[in-house]
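Colleague: coordinates only, sequence not included:
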């Protein structure tokens, strides 16, 4: 019988060689060390794999010939691993030394909690500076179903946003540095073909997967918490793209996927009664977005067509989620009252 690590760190890489030395250094400096690192490289054409092997030789790496996206990549690692806890990491990160210890301690003490994250602060990678600017304190949902990164752009030391509690319950958490209980993932997994299942929705490819997962955790009766005693520093590299032609094209694809997946998340997870009660707010928000897309981002509207193409598959997932719900509409409504 082999001893399996308590925690698996699931890392997806794509042309991230410039970030990886600092991320891997922050992992080796963790006060909690009962973990393994499993890496899936999404067809990088830089030195990502060589960098991993140089800076953390024990890492196990799967190299893909094509980009599988966020959802499928992490799902492969979940199935590959055997640990009771899984930490999903972006490559453009650095973790405080107590990140794993504090997050694991909270999750182990609270069996009804599905996921936790430390505070996410902005990392100015180009200037090699960590900052006190908030990247995300969790996901906040509004009545119109707009989801934002809570407190983003504010200062961590500002008395108006400073959190005195050791932990704060939130609707959901960014998947940037997300620690999850495997048992909770097994409860909210979604059916695929041939009696297979997926944890992150692979129809999403990338974007909004964390909102969808947080919502499914909520519907299954689980909680999501922000652990305020630790922090990760995030560069949020995709949002910092410079305006080259290639970058504008990448941003356009991201916006299209984000819009499609927003609609898919609403369709799969919403209580019909809550939709009817908030219909005016939802429609007004969606109407304003469509007008903006028509004027400024027409290609983003392709996301709606792609949503319609996925409708039959999403309908099956919606039925499965509905059958396994453990909460009621009012419990969910409390998050945007």
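Modeller: Cool, the structure landed. In this text the structure is predicted, and so the values were computed from the model without any measurement. Numbering: from 1, shown residues only.
Colleague: what bits of the stretch 201-337 of the chain have low per-residue confidence?
Modeller: Of all residues in the stretch 201-337 of the chain, those with pLDDT under 70 make up the ranges 237-250.
Colleague: Kindly recompute the last result at 90.
Modeller: Residue ranges of the stretch 201-337 of the chain with pLDDT under 90: 205-206, 236-254, 337.
Colleague: the strands in it, which residues?
Modeller: For the stretch 201-337 of the chain, the strands defined by DSSP state E, counting those that start in this stretch occupy 223-234.
Colleague: Please tell me the pLDDT value assigned to residue 72.
Modeller: As predicted, residue 72 sits at a pLDDT of 94.
Colleague: quick one: it from residue 206, how far?
Modeller: Distance, residue 72 to residue 206, by Cβ to Cβ, to the nearest Å: 10 Å. Placement of C-beta: from N, CA and C, glycine included.
Colleague: for residue 12, same thing?
Modeller: Taken as Cβ to Cβ, the span from residue 12 to residue 206 is 10 Å.
Colleague: ok, those two, which is more surrounded?
Modeller: With neighbours defined as other Cβ atoms under 10 Å, residue 12 and residue 206 compare such that residue 12 has more, 24 against 21.
Colleague: residue contacts, that one?
Modeller: Residues in contact with residue 12 (Cβ atoms under 8 Å, 6 or more residues apart in numbering) are 39, 40, 41, 42, 70, 73, 74, 90, 91.
Colleague: what's the answer for residue 211, then?
Modeller: By Cβ under 8 Å, 6+ apart, the residues touching residue 211 are 139, 147, 172, 262, 265.
Colleague: which stretches of the chain form helices?
Modeller: Remark: helices assigned in the chain by DSSP state H are 20-28, 48-55, 69-80, 99-109, 182-188, 209-219, 245-269, 272-277, 279-296, 302-309, 311-323, 329-333.
Colleague: Ignoring the adjacent residues along the chain, who's closest to the residue nearest to the spatial centre of the chain?
Modeller: Centroid check for the chain by Cα atoms, centre = their mean gives residue 175 as the closest residue, at 2.3 Å. Distances taken as Cβ to Cβ, 6 or more residues apart in numbering place residue 210 nearest to residue 175, at 3.7 Å, with adjacent residues excluded.
Colleague: My read is that that neighbour contacts residue 139, right?
Modeller: Yes: if you go by Cβ atoms under 8 Å, residue 210 and residue 139 touch, sitting 6.9 Å apart.
Colleague: Report the set of residues contacting both of those two.
Modeller: Any residue near both residue 210 and residue 139 by Cβ under 8 Å, 6+ apart counts here, and that gives 172, 173, 174.
Colleague: State the number of residues packed around the last one.
Modeller: Okay, so that is residue 174. Using other Cβ under 10 Å, the number of residues around residue 174 comes to 24.
Colleague: In contact with it, which residues?
Modeller: Taking Cβ under 8 Å, 6+ apart, one finds 117, 120, 135, 136, 138, 139, 149, 210 in contact with residue 174.
Colleague: From residue 97, how far off is the fourth one?
Modeller: It refers to residue 136. 20 Å.
Colleague: How about the first one?
Modeller: In this structure, residue 117 and residue 97 are 16 Å apart, going by Cβ to Cβ.
Colleague: Next: the second one.
Modeller: Per Cβ to Cβ, residue 120 is found 16 Å from residue 97.
Colleague: Looking at the two now, which is surrounded by more residues?
Modeller: Legend: neighbour count by other Cβ under 10 Å for residue 120 and residue 97, higher for residue 120 (26 against 15).
Colleague: and residue 227, how many neighbours?
Modeller: Counted with other Cβ under 10 Å, residue 227 comes out at 25.
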